[in-house]
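Undergrad: Structure here, sequence nowhere to be found:
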C-alpha cells in the first residue's frame with residue numbers, strides 16, 4: 001500500500017513536470033517562430049533599404065534598431081527559459097532518484113519485516 005502510494009505520488013509529480021516541460025517547449029517554439037519572423041522582416045528591410053530615399057533610410061534605420069532590440073530580448077527570454085527548463089529537468093531527475101531510493105528503502109524494510117514475521121512463526 002505504501003509502495004503504491006509512493007508510486008502514485010511519483011506519477012503525479014512526473015505528470016506535472018511533463019506538462020510544465022511541454023508548456024515551456026511550446027513557449028520556446030513560439031519564441032523561435034517570433035525570432036524567425038523578425039529575421040524575415042530584417043531581411044526584407046535590408047532589401048528595401050536599397051530602394052528608398054534619405055528620409056526613408058532614417059526611418060528604416062530606427063525600425064531596424066527596434067527589431068534588433070526585440071530579437072535580443074526574445075533571445076534573452078529564450079535563453080532564460082531554456083536555463084529554467086534544464087533546471088526543472090535536473091530537479092525532476094533528482095526527485096526521481098530520491099523517490100527510487102525511498103521506494104528501495106521501504107521495500108527493504110518491508111522485506112525485513114516479512115522475514116522477522118516468518119522467523120517468529122517458525
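TA: Happy to help now that I have it. All values derive from a computational prediction rather than experimental measurement.

Undergrad: what does the average pLDDT come to for stretch 41-61?
TA: Averaged across stretch 41-61, pLDDT comes to 78.

Undergrad: ok now it, how far from the chain's centre?
TA: Centroid displacement of stretch 41-61 relative to its chain, using CA atoms, centre = their mean, to the nearest Å, is 37 Å.

Undergrad: Can you give me the end-to-end span of it?
TA: End-to-end distance of stretch 41-61 (CA to CA, to the nearest Å): 13 Å.

Undergrad: Tell me the buried residues in that stretch?
TA: Neighbour-count burial for stretch 41-61, counted by 16 or more other CB atoms under 10 Å, picks out residue 60. Any C-beta I mention is one placed from the backbone N, CA and C, and that applies to glycine too.

Undergrad: One more: stretch 14-28?
TA: So for stretch 14-28, counting by 16+ other CB under 10 Å, buried means 17, 24.

Undergrad: Kindly report the same for stretch 112-122.
TA: Of the residues in stretch 112-122, none is buried (16+ other CB under 10 Å).

Undergrad: in which helix or strand would I find the residue most central in space within the chain?
TA: What sits nearest the mean C-alpha location of the chain, by CA atoms, centre = their mean, is residue 85, with 2.8 Å. Using DSSP states H and E, residue 85 sits in helix 54-121.

Undergrad: if I pick residue 55, what's in contact with it?
TA: For residue 55, the contact set (CB atoms under 8 Å, 6 or more residues apart in numbering) is empty.

Undergrad: hang on, the earlier thing: please tell me I have it right and the residue nearest to the centre of the chain contacts residue 17.
TA: No - Residue 85 is beyond contact range of residue 17, at 10.7 Å (criterion: CB atoms under 8 Å).

Undergrad: For residue 46, see how far away the residue in the chain sticking out farthest from the centre is.
TA: The centre of the chain is farthest from one residue, residue 122, which by CA atoms, centre = their mean lies 55.2 Å away. Look at residue 122 and residue 46: by CB to CB, to the nearest Å, they are 87 Å apart.
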